[in-house]
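What shape does this take:
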Amino acid sequence: MGKGFWGRRKGPSPEALELEKGLQETRVLIAQAYAGFNSASDGELVESYIYEIQALQARYSYLLRRRKALEGECAIPALLNAPGASVLPVA
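Sure thing, here's the model as predicted:
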């Protein structure tokens, strides 16, 4: 049996913690990009925010896939249900 998301320890593995950190940081960056998009009036700036949001959403999807792969046979950890772990809408 592999280590999975939790490993053989009582808490999440270092890789799982790094993924969660990356997911959280990416959620913040997506929210900031949406805020910039909503306040932009110049067409080129709006377009740049659209590309930024799409790139960040691609990164977020990648991190989610990696987290799922780590979970393997393990139950979904409580860490994933922590406050602030919401998923942002996809544009």
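
Need the mean per-residue confidence for the helix or strand where I53 lies.
Assigned by DSSP states H and E, I53 falls within helix 43-71. Mean pLDDT, computed over helix 43-71, is 96.

Check stretch 19-36 too.
For stretch 19-36, mean pLDDT is 98.

Next, the buried residues of that stretch.
For stretch 19-36, the neighbour count (16 or more other C-beta atoms under 10 Å) marks L19, E20, G22, L23, T26, R27, L29, I30, A33, Y34 as buried. Any C-beta I mention is one placed from the backbone N, CA and C, and that applies to glycine too.

Including distance to A40 and secondary structure, could those residues go into JSON lines?
Formatted as JSON lines, those follow (distance: C-beta to C-beta, whole Å; DSSP: H, G, I helix; E, B strand; the rest coil):
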{"residue": "L19", "distance to A40": "31", "secondary structure": "helix"}
{"residue": "E20", "distance to A40": "30", "secondary structure": "helix"}
{"residue": "G22", "distance to A40": "26", "secondary structure": "helix"}
{"residue": "L23", "distance to A40": "26", "secondary structure": "helix"}
{"residue": "T26", "distance to A40": "21", "secondary structure": "helix"}
{"residue": "R27", "distance to A40": "20", "secondary structure": "helix"}
{"residue": "L29", "distance to A40": "16", "secondary structure": "helix"}
{"residue": "I30", "distance to A40": "15", "secondary structure": "helix"}
{"residue": "A33", "distance to A40": "10", "secondary structure": "helix"}
{"residue": "Y34", "distance to A40": "11", "secondary structure": "helix"}
